[in-house]
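Asks: quick one, fold the following:
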Amino acid sequence: MELRVHLKVENVFTAAHLATQQLFVLKFLKITVISNQNDQTPSGEKTCSEMINEDGSFEFDDDDAIEKENVIRSEENGGVYYNNALEVNKTKVKVDELPLYVTAKPKSSFQEEFERIPNGLTKPYEDSQQARNMSRNRYKGIYPYDDSRVKVWFDGSDYINASVIDGFNERNAYIATLGPMSKQLGDFGLFWEMVWQQHVEKVVMVTNLIEEKKVKCDQYWPNVESSALYGNVYVICLSEEKYAEFTRRTFQISRNSEGRELHQFHFTCWPDRRVPEDVAPLVEFRKMVLNTKTKLNGPTLVHCSAGVGRTGTYIAFDILTKEGEAEGSINVPGCVLNIRQNRPNMIQTWQTQFTAEQYSEKESQAIERNKKLKAKIRVNADFHR
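Replies: Coordinates of the predicted model:
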């Protein structure tokens, strides 16, 4: 099959694809800033293992077996796992040189880079461990930092397992949060209160409700042409458009006498424990998110199940694309390092296999076809090489 590589950074399509190439190589790398290898858990602060519920009700984010091992090892060391890494590679790569950079670098070197990088909770997260807040956590080891957590005043507490994330030259551009579950959020009133208080007009959902017979997220919205009251927020689902790789829903939300419009973008073809095989649908998905106009200039809310893995990948993908367009080069490790300062474990699972893909004619055709195909399940929506 003849492949065509487009190298102009001003082309949004190309910049997004090239940024994703390297991002997916380094997908879910555990990058954190640790300036002192002798740092310890703050005096008087209990370790995570000492503070988890006695009934053992916390879950592991089981997208990657390695993550379980690292979380356990991290908590045994007071929340931070150190290895021999002294610093993260901060070299920027020019966008038009990225295909060569990716293909020339041995796959083994990505694994070695992964193994050198520290991971774990590196900043205070005491608020998440308060007794009244513990029930609002889901996964062991995934807690928002005190200095970047979203504060939502609801039902006697301002805590929700959500973090503000800085974007490219933009403070608090995103909110990363757990996929809403009734076990943690009851009637989802807390989630919708966060949407309202933070002026959210776009929700990016990068998980399905059930994957491999496991519940990843509950349906926290009403069906199309239906309505529901979640806490103090009244929600009406105005429309639902199903495309080959994603679904777009539009809601009217109101509180007291004030009303707003909310758009949910639901990416439905992210494979379990892997990255999307084809970059094109994710590029088209992101374009739809960006091209949707808003009025309040609030953050984009992004969630998967744990709010760190796929969530971190989508946010990094968006940041790197903007960086590539603006500066002509990208810094993947630096990007991930930055977002992990806002929320722990962002970019979480190692991708063991990688194939450098360039744009093909069929990929371009698939993107155009995706605009027209509706109500099709994933298996019938794929294009064939």
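
Asks: where does pLDDT dip in the stretch 251-385 of the chain?
Replies: 272-274, 348-385 (pLDDT under 70).

Asks: what about the strands in it?
Replies: 258-267, 300-303, 329-330 (DSSP state E, counting those that start in this stretch).

Asks: tabulate those in CSV, adding columns for mean neighbour count and distance to Val283.
Replies: No exception for glycine: its C-beta is placed from N, CA and C like everyone else's. Below are the strands of the stretch 251-385 of the chain laid out as CSV (neighbours: other CB atoms under 10 Å; distance: least, CB to CB, whole Å):
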stretch, mean neighbour count, distance to Val283
strand 258-267, 18, 11
strand 300-303, 25, 16
strand 329-330, 20, 15
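
Asks: so which of these comes closest to Asn161?
Replies: Ranking these by distance to Asn161, with CB to CB as the measure, places strand 300-303 first at 10.2 Å.

Asks: pairing partners for the closest one, with directions?
Replies: strand 170-177 (parallel), strand 202-205 (parallel) (DSSP bridges).

Asks: would you turn those into TSV with mean neighbour count, distance to Glu126 and mean pLDDT?
Replies: Below are those laid out as TSV (neighbours: other CB atoms under 10 Å; distance: least, CB to CB, whole Å; pLDDT from 0 to 100):
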stretch	mean neighbour count	distance to Glu126	mean pLDDT
strand 170-177	20	19	96
strand 202-205	23	28	98
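
Asks: can those strands go into JSON lines with extra columns for distance to Val235?
Replies: Below are these laid out as JSON lines (distance: least, CB to CB, whole Å):
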{"stretch": "strand 170-177", "distance to Val235": "17"}
{"stretch": "strand 202-205", "distance to Val235": "12"}
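
Asks: and Val332, which of the ones you listed is closest to it?
Replies: Per CB to CB, nearest to Val332 of the strands paired with strand 300-303: strand 170-177, 17.4 Å.

Asks: give me the residues contacting the closest one.
Replies: For strand 170-177, the surrounding residues in contact (CB atoms under 8 Å, 6 or more residues apart in numbering) are 150, 160-167, 191, 194, 198, 200, 299-303, 307-308, 311-312, 315, 342-343, 346.

Asks: go again with 7 Å.
Replies: With contacts defined as CB atoms under 7 Å, 6 or more residues apart in numbering, strand 170-177 is touched by 150, 160-167, 198, 200, 299-303, 307, 311, 315, 343, 346.

Asks: can you tell me which of the residues you listed are buried?
Replies: Buried subset of the contacts of strand 170-177 (neighbour count, 16 or more other CB atoms under 10 Å): 150, 160-167, 198, 200, 299-303, 307, 311, 315, 343, 346.

Asks: name the residues of whichever helix in the chain runs longest that are buried.
Replies: Longest helix in the chain, counting residues (DSSP state H): helix 309-327. Within helix 309-327, the residues that count as buried by 16+ other CB under 10 Å are 309-325.

Asks: quick one, that helix and strand 258-267 angle?
Replies: 100 degrees (axes from the mean of the first three to the mean of the last three CA atoms, to 10 degrees).

Asks: closest one to Pro144 among the strands of the stretch 251-385 of the chain?
Replies: It is, among the strands of the stretch 251-385 of the chain and with distance given as CB to CB, strand 300-303, at 12.9 Å.
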